[in-house]
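**Student:** Next input, structure requested:
(chains A and B)
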Amino acid sequence: MPRLKDDNEFEKIKRLLKDLPKVNAPSNFENELSKRINQGEQTKENESWFDKVFSPKLVPSAALAVTAVIILFLLKGNVSDVEDPFQVMPKLREEQNLKQDQLRTGSDKIIAEETNSLSKREKSNGRTSNESESRNNFHDGDSNIIEASLFGNTSIERISVTASNYLPDQAIIVSGGLNYKVVRVGGEERKMIEMLREKINSTPKYRRNN
Amino acid sequence: MLDKNLTELSDEELIAEYQQNDTLQAFEILVQRYKNPLTNFVYRFLGDYEACADVLQETMIKFYRNKDSYKSIAKFSTWIYTIAGNLARTEYQRRRRRQIFSINSYGEEKENYEIPDERYRPDVMTDSGIKDKIIQNALLKVSTAYREAVILRDIQELSYEEIAEIMGIEVGTVKSRINRGRAQLQKLLKDIYNE
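**Tutor:** Okay, here's the model as predicted:
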């Protein structure tokens, strides 16, 4: 039976291994051990904070940290030379400001012309200024009513602007050299003013920022 | 606890005493108990007495410093054998690498060479000392995983369960490794069988 033969052969191996002489530790093993343990303890005690902080174990991580800091420093240095367009205030150019003023003056002229044509139409319709003045009693509160005499025109034009329809940017017109009077206007006049305002706003050249 | 009583304690009681009260005598008794079995195990695994003594010192130093890593669920013997086995394996690999490197430095095309070992010739066998050397060298030619299992079973006479715990493998794997190791030894020691 081959199986038994194998087992017997393994028995021989087992016996051979078992019969090998036992190897013992050196006679001074304990002394050497205590020496090494004491040496280790002493090295631990003598280890200064410097050795602990700059131990070889920490060298790779420290090198990595230093490299990261250097890279960050270099990157940041480069970035500081380039202005971030989102963080820097735009430079104001004087000629641009001048243009803006010219635009305003231009828009004032248009308003003045349109207002003159309106007054002429009113005159032709036979309206008197007295009729308008009869409606001059206005109430305060939400409505601001102004009467305007435009560029020294003799005829008094009545423009009523309430809080709901008076746009704040129209106050800019005041700086355009206009004289204002408090007036009260009727429905047709108001419609006309609205029409004028729309016309101005629809002109891209003179569109104002709302 | 009295010194007299300490020697009567089991390994597990001694390590518990050392862990709880830092009793150095308990440590010394355990060193005394295990220095020879471990020396035998490590020597048979490495085949070099000086290296074996170094590994054993390292093992005991690890035991001294890391006593708290021992958990009472395991046998002390398996714990200390595991430490010694790990260190022996590391040392064996280190020595092997060094050997390959030194051979490569002489080789023309960076080839690895088998070292011819004239000492193992059966025709020059004269006494039992040489026979032991032959067996030892045959053991060193067995692959490390099988060798460790064979040494622990047939030389150290540990149980399969203990070996499984030391090597961190299943009992079935231990048995198969032992058998394969024995089979390799059988081939290597043909001449001794024929005597």
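**Student:** burial of residue B:47, as a residue count?
**Tutor:** Per other Cβ atoms under 10 Å in any protein chain shown, the neighbour tally for residue B:47 reads 16. Using the backbone N, CA and C atoms, a C-beta is placed for each residue, glycine as well.
**Student:** mind checking how far it is from residue B:168?
**Tutor:** 23 Å (Cβ to Cβ, to the nearest Å).
**Student:** Kindly report the same for residue A:123.
**Tutor:** Residue A:123 is 112 Å from residue B:168, where distance means Cβ to Cβ.
**Student:** Number of residues surrounding the nearest residue to residue A:21 once chain neighbours are set aside?
**Tutor:** Closest residue to residue A:21 apart from its sequence neighbours, by Cβ to Cβ, 6 or more residues apart in numbering or on different chains: residue B:132 at 6.2 Å. Applying other Cβ under 10 Å, we find 14 residues neighbouring residue B:132.
**Student:** Tell me which helix or strand comes right after the helix or strand hosting residue B:132.
**Tutor:** Residue B:132 is located in helix B:128-141, with elements delineated by DSSP states H and E. Proceeding C-terminally, helix B:128-141 gives way to helix B:144-150 as the next helix or strand, assigned by DSSP H and E.
**Student:** And the average pLDDT for the helix or strand following that next one is what?
**Tutor:** Helices and strands here follow DSSP H and E; after helix B:144-150, the next one along the chain is helix B:160-167. Across helix B:160-167, pLDDT averages out at 94.
**Student:** Pull out the buried residues from helix B:160-167.
**Tutor:** B:160, B:162-167 (16 or more other Cβ atoms under 10 Å in any protein chain shown).
**Student:** Tabulate those (TSV), appending distance to chain A.
**Tutor:** Shown next, in TSV, are the buried residues of helix B:160-167 (distance: Cβ to the nearest Cβ, whole Å):
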residue	distance to chain A
B:160	14
B:162	17
B:163	14
B:164	19
B:165	21
B:166	17
B:167	18
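**Student:** low pLDDT regions in the chain?
**Tutor:** Reading this off chain A. A:1-9, A:44-55, A:77-84, A:90-112, A:114-115, A:122, A:124-183, A:205-210 (pLDDT under 70).
**Student:** was after chain B, sorry
**Tutor:** In chain B (pLDDT under 70), the answer is B:1-4, B:101-127, B:193-195.
**Student:** domain parsing for it?
**Tutor:** Chain B breaks down by automatic domain parsing into domains covering B:9-114, B:116-195.
**Student:** Rebuild the ones you listed as JSON lines, extending it with distance to residue A:37.
**Tutor:** Putting the domains of chain B into JSON lines (distance: least, Cβ to Cβ, whole Å) gives the following:
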{"stretch": "domain B:9-114", "distance to residue A:37": "6"}
{"stretch": "domain B:116-195", "distance to residue A:37": "24"}
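**Student:** mind checking which of these is nearest residue A:27?
**Tutor:** Minimum separation from residue A:27 across those (Cβ to Cβ) falls at domain B:9-114, 10.7 Å.
**Student:** Check whether the closest one comes near chain A.
**Tutor:** Yes - judged by Cβ under 8 Å from any Cβ of the partner chain, domain B:9-114 and chain A are in contact via B:28, B:31-32, B:35-36, B:38-40, B:43-44, B:49, B:52-53, B:56-57, B:60-61, B:64-65.
**Student:** Out of these, which sit inside helices?
**Tutor:** Of the positions in the residues of domain B:9-114 next to chain A, B:28, B:31-32, B:35-36, B:38-40, B:43-44, B:49, B:52-53, B:56-57, B:60-61, B:64-65 sit in helices, assigned by DSSP state H.
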